[in-house]
Every structure is written in C-alpha cells, then in structure tokens.
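In: Task: produce atomic coordinates for the following.
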Amino acid sequence: MKRIIFLAAFVSASFIADAQKQGLQGTWFATSQFGYQQTKSGTTTHTNFTILPILGTFVKPTVAIGAAIGYASVKAETGSVTNANSGLLVVEPLVRKYWNVAGTLYFFGQLAAPIISGKEKESELKVSQFGLAASGGFDMVLGKHFTVEFSYNLANFSVTTLTPKTGDKTTVTDFSLAHVANVDPVWNNALAGSNPTLTTPLSFGFKFLF
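Out: Residues are numbered from 1 along each chain as shown. Predicted coordinates for the structure are as follows:
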C-alpha cells in the first residue's frame, strides 16, 4: 500500500513539474482591442472607431508570437455633409515574453510592428505608416481558457507618409515615450480638424486560450 501511495505521489509530482516546464507552449490565444470616441461641436460631429482582433500562439513556455489585423475609421460630419472620411487597415505582428510574478499573475513585455495604410476618401489623401511599439503589462489567469490583461504603451517609433492627390508628399518621423499617438497636423487638417487618436497608452482586455 505504501509503495502504491509513493508511486502515485511520484507520478503526480512529475506531472506537475513537467506542466510547469511546458507552461503554455503550443497554446493559442485570441483577444481584441476596441475603441470608440465621438465629439460634437455645434452641428459638427467627429467619430473615431477602431477594432483590432489579435491571434497568437506560445512558441515557448513563456514566449508568444501573434498578429493583429483590424480596421480604423475616422469621420467628420457637419449636419448631413461629410467633411472627411478615412478607412485604415491596421496590421500588427507582435512578440511577447512572460514572467511569473506570483501564482497566476504574470508580467509581460511586448514588441509590436504596427503597419497602417488607407486614405481619406473625400480628398483622396493616401496614408501609410510603419513603426515599432514597446509595451508592458500584467496578465491574470482566471481559468483554463480565460485571462484578463492590462498593458501600458512605453515607447513608440513611427514613420508616416501622407500623399495628396496632387502636390508633394509629406513624411513624418516620430519617437515618443508613453504617449497618446495623435495623427500629424497635416493629416488632421485633411480630417477636418478631428485630431483622432489611433493608439492610447492604456489597454485593457480579455484573452481566450485554446
């Protein structure tokens, strides 16, 4: 009987150690970032909308890679007249590294390479942007298939090219720390002064594991 109990304890300990060693390797995750903002001044309305689904997988016990593919819309209207209307495709490959803090709480660092392209439909101003964004955050595992995460944007580098239908293009290079990334004034003017925010320093969301 003692031998059976000892063998069962040994097998259980080995299983737990192996599970800890494997971590989440081979596990896929899915989450999404969503943003909506609307401001009104008299009869003028500015509406910004962003949806960014993210899919990734753990290639090592504490390292994950993934990509986000989404859409951003920036619109300005006065009454029934559309002053500006932009539709932007957002593609963002990313890599994450996790460190266990305590129990089911993890800290992670993320490096992403956002690529944004599209145009302002009224003036036909073409927009393209690429860059790097570093962020850090905390991830709390609440169950086998569910976690909640909070992250903060630490640093951003971007190169934005604005190409009008006629005339010279404008290239803007930007590096900022822990900031709200607003568009360049040239683009803001093309968007009828809405001064839209494409990324924010704070992000909160739910993540599903499968």
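In: can you map out the strands along the protein?
Out: With DSSP state E as the criterion, the chain has strands at 28-41, 44-60, 63-78, 81-102, 105-112, 115-120, 125-143, 146-163, 170-177, 181-182, 197-199, 202-209.
In: any idea which of the ones you listed scores lowest on pLDDT?
Out: Note on these: lowest mean pLDDT is at strand 181-182, with a mean of 52.
In: ok, back up a step: so of the strands of the chain, which one's packed in deepest?
Out: strand 197-199 (a mean of 20; mean count of other Cβ atoms under 10 Å). In this view, the C-beta of every residue, glycine as well, is placed from N, C-alpha and C.
In: what sits against the closest residue to residue 137 other than its chain neighbours?
Out: Excluding the flanking residues, the one nearest residue 137 by Cβ to Cβ, 6 or more residues apart in numbering is residue 151, at 2.9 Å. Counting by Cβ atoms under 8 Å, 6 or more residues apart in numbering, residue 151 makes contact with 108, 110, 135, 136, 137, 138, 202, 203, 204.
In: I'd like to know how far residue 151 sits from residue 136.
Out: 7 Å (Cβ to Cβ, to the nearest Å).
In: which residues do those two both contact?
Out: Jointly contacting residue 151 and residue 136 under the rule Cβ under 8 Å, 6+ apart are 108, 110.
In: Can you verify my assumption that residue 110 contacts residue 132?
Out: No - applying Cβ atoms under 8 Å as the test, residue 110 and residue 132 come out as separate, 11.0 Å apart.
In: In this model residue 76 seems to touch residue 84, though I could be wrong.
Out: Yes - using Cβ under 8 Å, residue 84 is in contact with residue 76, at 4.3 Å.
In: quick one: contacts for residue 49?
Out: Contacts of residue 49 (Cβ under 8 Å, 6+ apart): 35, 36, 37, 72, 73.
In: and the second one, what does it touch?
Out: Residue 36 sits next to 47, 48, 49, 50 when contact means Cβ under 8 Å, 6+ apart.
In: switch the cut-off to 7 Å
Out: residue 49 (Cβ atoms under 7 Å, 6 or more residues apart in numbering).
In: which residues does it bridge with?
Out: residue 49 (DSSP bridges).
In: how far away is it from residue 53?
Out: Distance from residue 36 to residue 53, by Cβ to Cβ: 16 Å.
In: and what of the last one?
Out: Distance, residue 73 to residue 53, by Cβ to Cβ: 15 Å.
In: same question, the fourth one
Out: With distances defined as Cβ to Cβ, the gap from residue 72 to residue 53 amounts to 13 Å.
In: what do you get for residue 100?
Out: Taking Cβ to Cβ, one finds residue 100 at 27 Å from residue 53.
In: hmm, which two among the contacts of residue 151 are most spread apart?
Out: 108 and 202 (15.2 Å; Cβ to Cβ).
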